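In: Could you look at this predicted model? Sequence included:
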Amino acid sequence: MAGEETGVDDKNRNNAAAQADVAAREGSLDAPTRHPIDWRGDEYYDESALNRELERVFDICHGCRRCVNLCNAFPTLFDLVDESPSMEIDGVAKGDYIKVVDQCYLCDMCYMSKCPYVPPHPWNVDFPHLMLRAKAVKFKRGDTPFRDRLLTSTDTVSKLVTAIPLVDATVNRVNAKKAPRKLLEKVLGVHADAVLPQYHRATLRRRAKKWQMEATAPQPAGRTTGKIALFATCYGNYNSPKLGDDFFKVFQHNGMVVDLVPRERCCGMPKLELGDLDAVARAKEANIPQLAALVDQGYDIIAPVPSCVLMFKQELPLMFPGDEQVLKVKRAMFDPFEYLMLRHKAGLLKTDFRNSLGDVSYHVACHLRVQNIGLKTREVLQLVPDTRVQAIERCSGHDGTYAVKSEFHDAAVKIARPVARKVEQAREHNVDARFASDCPMASAHIARVAGDGVLPEHPMTLLRIAYGL
């Protein structure tokens with residue numbers, strides 16, 4: 001018996017040593033994975049449990065510091081640690097943790113490109129989703145400013161601005177003038193120099209009624225059906241409606257059926273970034289049933305904004321992991337250029353380009369990188385003869401609302417400067433160099449930082465130009 005007990009003890013010691021070795025190593029050969037978000041569990045909103053987890057993860061981040069150049073959340077954390085009495089995380093007041101949380105806009109780049117301790121590593125660090133939890137607790141506590149709730153109510157604001165003739169034009173003119181913007185900054189905390197989206201009463205839905213549909217028999221290929229439902233998104237519908245025309249023309253030119261999703265709400269990403277998870281759930285209940293019905297009718301789904309695609313591909317499936325309709329939509333949701341490349345590989349993408357694009361500085365949006373599909377936009381654009389695409393894989397710092405808030409705008413500009421410098425350098429080499437990003441908001445912010453002469457364009461617009469449509 002003594003021999004058996006000794007053998008068991010040796011085995012336990014070996015197991016403990018092996019676990020310690022795994023925990024100590026940096027990184028893993030295993031693919032990163034994400035755990036479902038238990039946002040309906042009681043502990044999720046327990047502030048004591050949240051602070052313990054924040055302290056644990058912040059301590060790991062402090063010991064690593066690999067993410068210091070990604071955004072302002074990490075410099076804020078490291079400054080708090082370095083200025084504390086102990087120069088360790090235990091010297092940072094729990095009340096100061098929110099300063100780090102407020103700087104995070106859930107771009108996911110720390111998780112995707114830097115952190116060596118993401119799951120399945122035993123340390124189980126998912127910084128963005130921990131920040132999401134902290135934002136949700138803050139929202140539940142009632143500490144979210146009115147401005148933030150207003151800025152993320154994209155459907156409500158857009159409908160108000162575009163409901164009555166000339167209101168949209170008036171709002172656009174006012175937003176372009178310095179004096180009203182200074183007043184807006186003082187009253188609401190929206191930075192006077194931040195790029196604000198324009199509104200259009202001629203929404204994508206209104207424009208789509210004039211689309212001339214051709215009689216087309218879509219040809220399936222691999223994962224694609226050739227039958228597209230375009231989820232316009234609130235931004236695509238109200239703020240950039242002409243972009244929808246480009247999508248329609250390019251996809252129809254390539255023999256595909258294109259229809260708008262009959263009705264839609266905001267995808268929920270702005271409310272997710274606010275921590276208002278109940279609002280995300282309400283958006284999901286409005287969108288998912290009709291999207292799932294379209295999938296049942298043979299449609300694949302695309303959206304013009306990467307954040308909206310990511311919402312259906314990643315965040316909703318993690319929030320509702322057992323919902324079969326959510327999973328059905330996830331499987332049928334594609335980034336537009338991912339879809340075009342799949343068609344190209346099947347020999348179904350036309351390459352009858354009439355115009356070259358020359359030099360293109362292409363900013364890769366963070367929420368596109370997170371989809372783990374590679375640089376499909378660049379691959380498609382490089383099919384155009386005499387076209388050279390320089391991909392810039394750095395965050396713009398915009399986030400949708402982060403860059404427009406007075407207290408964060410300067411940080412957003414600082415984060416965008418490396419991207420803007422790349423754009424400026426390309427224009428120094430070739431004054432006709434184009435600049436594009438899949439995210440219209442990010443490209444407008446980068447263009448503002450880069451300065452005069454930089455015109456932001458969407459890659460789908462460039463493709464439409466290349467086809468001569």
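Out: Looks like it arrived, so ask away. Residues are numbered from 1 along each chain as shown.
In: where in the protein is pLDDT low?
Out: For the chain, applying pLDDT under 70 flags the ranges 1-29.
In: where exactly do the strands run in it?
Out: For the chain, applying DSSP state E gives strands covering 227-230, 257-260, 300-302, 333-334, 358-363, 387-392, 434-437, 456-457.
In: Of those strands, which is nearest residue 171?
Out: strand 456-457 (20.4 Å; Cβ to Cβ). All C-beta spots, glycine's among them, are computed from the backbone N, C-alpha and C.
In: Turn the strands of the chain into a markdown table, including distance to residue 326.
Out: Shown next, in a markdown table, are the strands of the chain (distance: least, Cβ to Cβ, whole Å):
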| stretch | distance to residue 326 |
| --- | --- |
| strand 227-230 | 16 |
| strand 257-260 | 21 |
| strand 300-302 | 13 |
| strand 333-334 | 10 |
| strand 358-363 | 30 |
| strand 387-392 | 31 |
| strand 434-437 | 28 |
| strand 456-457 | 33 |
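In: and residue 32, which of these is closest to it?
Out: Closest among the strands of the chain, once you apply Cβ to Cβ, is strand 333-334, at 20.1 Å.
In: in its sheet, what does the closest one sit against?
Out: Strand 333-334 sits in its sheet next to strand 300-302 (parallel), going by DSSP bridges.
In: quick one on the thing from earlier: with distance to residue 177 and mean neighbour count as added columns, please give the strands of the chain in JSON lines.
Out: Shown next, in JSON lines, are those (distance: least, Cβ to Cβ, whole Å; neighbours: other Cβ atoms under 10 Å):
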{"stretch": "strand 227-230", "distance to residue 177": "34", "mean neighbour count": "22"}
{"stretch": "strand 257-260", "distance to residue 177": "34", "mean neighbour count": "20"}
{"stretch": "strand 300-302", "distance to residue 177": "36", "mean neighbour count": "22"}
{"stretch": "strand 333-334", "distance to residue 177": "40", "mean neighbour count": "26"}
{"stretch": "strand 358-363", "distance to residue 177": "28", "mean neighbour count": "23"}
{"stretch": "strand 387-392", "distance to residue 177": "32", "mean neighbour count": "17"}
{"stretch": "strand 434-437", "distance to residue 177": "26", "mean neighbour count": "26"}
{"stretch": "strand 456-457", "distance to residue 177": "21", "mean neighbour count": "21"}
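In: can you tell which of those strands is closest to residue 68?
Out: Here strand 387-392 is closest among the strands of the chain (Cβ to Cβ), at 19.7 Å.
In: just checking, what packs against the closest one?
Out: Judged by 3 or more Cβ pairs under 8 Å, 6 or more residues apart in numbering; DSSP states H and E, strand 387-392 is in contact with strand 358-363, helix 376-381, helix 409-429.
In: Residue 306 is nearest to which of these?
Out: Between those, helix 376-381 lies closest to residue 306; by Cβ to Cβ that is 9.7 Å.
In: tell me what that closest one is packed against?
Out: helix 336-345, strand 358-363, strand 387-392, helix 459-467.
In: Would you pull up how far it lies from the middle of the chain?
Out: 19 Å (Cα atoms, centre = their mean, to the nearest Å).
In: Send me that helix as CSV with only the CA atoms.
Out: Output in CSV follows, covering the C-alpha atoms of helix 376-381 (Å, rounded to 0.1, in the frame of the first residue of the first chain):
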residue,chain,number,x,y,z
LYS,A,376,-9.7,38.9,-49.4
THR,A,377,-10.3,42.5,-50.4
ARG,A,378,-6.7,42.9,-51.4
GLU,A,379,-6.8,39.6,-53.4
VAL,A,380,-9.9,40.8,-55.3
LEU,A,381,-8.6,44.2,-56.1
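In: Could you list the residues in contact with it?
Out: Helix 376-381 has contacts (Cβ atoms under 8 Å, 6 or more residues apart in numbering) with 335, 337-338, 340-341, 344, 349, 357, 360, 362, 364, 368, 387, 389, 391, 438, 459, 462-463, 466.
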